[in-house]
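Undergrad: Need a 3D model of the sequence below.
(2 chains)
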Amino acid sequence: MSKEAPGFLDHLRHLPRNVWRSLFRNSLPSSDLGRSQTSFSNFFLHIHPVKTHVNSLRPTYTLGLGVIAFSLFIILAVTGGLLMFYYVPSVEQAHNRMLDLSGTVAFGVLLRNMHRWAAHGMVAVVILHMCRVFFTGSYKPPRELNWVLGVVLMLLTFFASFTGYLLPWDQLAFWAITVGTAIAGYAPGVGEQMRFLLLGDHVVGQEALIRFYVLHVAVLPAAMTVLVGIHFWRIRKDGGLSRPADADLPEAQTRFPAAAQGKLEGLAPAAKTQKTKTFGVLGLVRGPFTKVGNTPDNTVYSWPHLFVAELFCFALAVLVVLVAALLVNAPLEAPADPTHPPNPSKAPWYFLGLQEMVSYSAFWGGVGIPTLFVLGLLLLPYLDRSPKGVGVWFSRHRILANSLFVLFLLVNLVLIIVGTFFRGPNWSLVVPW
Amino acid sequence: MNPSQELSQDLPVDPTVSRRFVLTLTSLVALMGASGIASLSNFLFFKPRVTYGEPSRFRVGLPESYPLGTRLPLGDQRVTIIRNEAGMAAISNTCTHLGCVVATSEIGFDCPCHGSRFDAEGSVLGGPAPRPLPWFKLSLAPNGEVEVDTSTVVDPGTYLAV
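TA: Below you'll find the model as predicted:
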């Protein structure tokens, strides 16, 4: 009987197990081979390397900011997708639909709150992520392009936030966009054309609302998804996260607790004592030829070390956004009234530095200086090419670059604080206490 | 004589230019031309010929409805109608700085967004506004009503005698 070919009933009996096995090819890994295969054969994990350098896993090195920014992007995509089911991009309906979220839709307010606070959080975390990359010198070759991609992604984050700002069609939205697009109009030569293309009209109205909506829900998220993919791919191609030049040496193990405690699973014993091992003449041509016993030292398996760290960052992002959304409601002002600007009219906090500069000179504050800032950030890795001080926070070799960047941050921070707290009616200086 | 022989007699043939090179070059030019046309058509697509906003010409009623000394801001049209001894005029209410609507103050206009201040004639008194508030052309419509044309700017101090 047992020798008989399995019949239909057997197939039926094994159906759950076979479906499960077609979904997950590996059982939970208990060996190094299994750990490799798990991260290698899973679509969602295979973007990661099989092994990760211990330095990349130090929470105090990365602060998890890149993963948190991406987590917030996912939260925004999910909550935004849900909100789209009720939102109508029409000047007659948009504001009412916002109000309806609180009255007629279960969890409507919660989702809107999550979307709003995750958006603010993403802007903040993306800026902090840039600071981390700068202060650890991680934009140095060969990571120039990834820094540039990061700057572009930050600008897209600002633009996504800016376009989303108009959608509730309340007073804040209307006037912030009126002011923001008027700034674009100051660009020499093409300014008025750009403003008209963005608004589809000479004033902020229905055409502007539908354009901003399409940019916010389709064009920008699609562009960001593609660029985030390239950003991640480049991390791998650039040799993983930046780390000190000597971080791959066996001697560096003592600096990493995981390594010091002998938790380097799968590291060939030879690698712990022997830096290089060459096989044949080819090994002399371009460094060690074979990977046997010559894997980059001080790495651990991504499963579970890297994935647990990433999961923690994601859970942390969800938790913070959820708590914020439960505690604080996203503001919604009176419906947009094109005849009565609120006094003072303020942009979102991350544009208040810009608005403060604009109050001195519209061209220099709104176009000239921001363009110089962006150009400076984009060109930075091609101008500062000294290989020193990569992979450590606040390296002594980078004291000039770091000081300049701190100055750049402080100028923006002061402008934002002045714009947020010290500006009252008619944009006059007020004391907030 | 077939055409190719005729061609070879007229044009000196450079043997270093291969057929493949010419085809590649023409393909490249065609591809770039097509890309250019595609970009241009997309650009034009985003520029509507007609907009749906406020019309640039509108009538504001008979001159008699504005007594001497009137300074009446019209919210939806974003102009202030002035009537004095010299006649009538329309001053823009859109701040020349960043497009907020200015509020009428005791001495002229105040912008609530970035604090630009203007006098009653629209000249800049202070703040970041780079230009005075423009004056718009007024004319009398056949039915006697005053018509404002916000697409035509006139010199400050140009009044329509009524």
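
Undergrad: Could you list the low-pLDDT ranges of chain A?
TA: A:1-3, A:251, A:253-254, A:256-297 (pLDDT under 70).

Undergrad: Up against chain B, what does it have?
TA: By CB under 8 Å from any CB of the partner chain, the residues of chain A that approach chain B are A:175, A:178-179, A:181-183, A:185, A:196-197, A:200-203, A:205-207, A:338-345, A:355, A:358-363, A:366, A:425-428. (Glycine included, C-beta is placed from N, CA and C.)

Undergrad: So which bits of stretch B:112-128 are buried?
TA: Buried residues in stretch B:112-128, counted by 16 or more other CB atoms under 10 Å in any protein chain shown: B:112-118, B:120, B:122, B:124, B:127-128.

Undergrad: before we move on, the earlier item: out of the residues of chain A next to chain B, which are buried?
TA: In the residues of chain A next to chain B, burial by neighbour count holds for A:175, A:178-179, A:181-183, A:185, A:196, A:200-203, A:205-207, A:338, A:341-345, A:355, A:358-359, A:361-363, A:366, A:426-427, counting by 16+ other CB under 10 Å.

Undergrad: thinking again about what came up before, out of the buried residues of stretch B:112-128, which touch chain A?
TA: Near chain A, by the rule CB under 8 Å from any CB, you find B:112-115, B:127-128 out of these.

Undergrad: Now pLDDT too, for the residues you listed, in TSV please.
TA: Formatted as TSV, these follow (pLDDT from 0 to 100):
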residue	pLDDT
B:112	79
B:113	77
B:114	77
B:115	80
B:127	82
B:128	80
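
Undergrad: Out of those, which is nearest to residue B:146?
TA: Distances from residue B:146 to these, taken as CB to CB, are shortest for residue B:112 (28.1 Å).

Undergrad: Setting aside sequence neighbours, what's the nearest residue to that closest one?
TA: Once flanking residues are discounted, residue B:112 sits nearest to residue A:343: 3.6 Å by CB to CB, 6 or more residues apart in numbering or on different chains.

Undergrad: ok, that neighbour - contacts?
TA: Shown in contact with residue A:343 (CB atoms under 8 Å, 6 or more residues apart in numbering or on different chains): A:425-426, B:103, B:112.

Undergrad: just to revisit the earlier point, so of the residues of chain A next to chain B, which ones are in helices?
TA: Members of the residues of chain A next to chain B lying in helices (criterion: DSSP state H): A:175, A:178-179, A:181-183, A:196-197, A:206-207, A:355, A:358, A:362-363.

Undergrad: Which two of these have the greatest separation?
TA: A:206 and A:363 (29.3 Å).

Undergrad: And the lengthiest helix in chain A, what does it pack against?
TA: Secondary structure of chain A per DSSP H: the longest helix is helix A:108-135. Applying 3 or more CB pairs under 8 Å, 6 or more residues apart in numbering or on different chains; DSSP states H and E, one finds that helix A:108-135 makes contact with helix A:65-84, helix A:94-103, helix A:144-166, helix A:302-327, helix A:349-358, helix A:399-421.

Undergrad: ok, back up a step: would you mind putting the ones in helices among the residues of chain A next to chain B into a markdown table with distance to residue B:138 alongside?
TA: Compiled in a markdown table, these are given as follows (distance: CB to CB, whole Å):
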| residue | distance to residue B:138 |
| --- | --- |
| A:175 | 29 |
| A:178 | 26 |
| A:179 | 29 |
| A:181 | 29 |
| A:182 | 26 |
| A:183 | 31 |
| A:196 | 26 |
| A:197 | 32 |
| A:206 | 29 |
| A:207 | 28 |
| A:355 | 35 |
| A:358 | 32 |
| A:362 | 29 |
| A:363 | 31 |
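
Undergrad: Can you tell me which of these is closest to chain B?
TA: Using CB to the nearest CB, residue A:182 comes nearest to chain B of these, at 3.8 Å.
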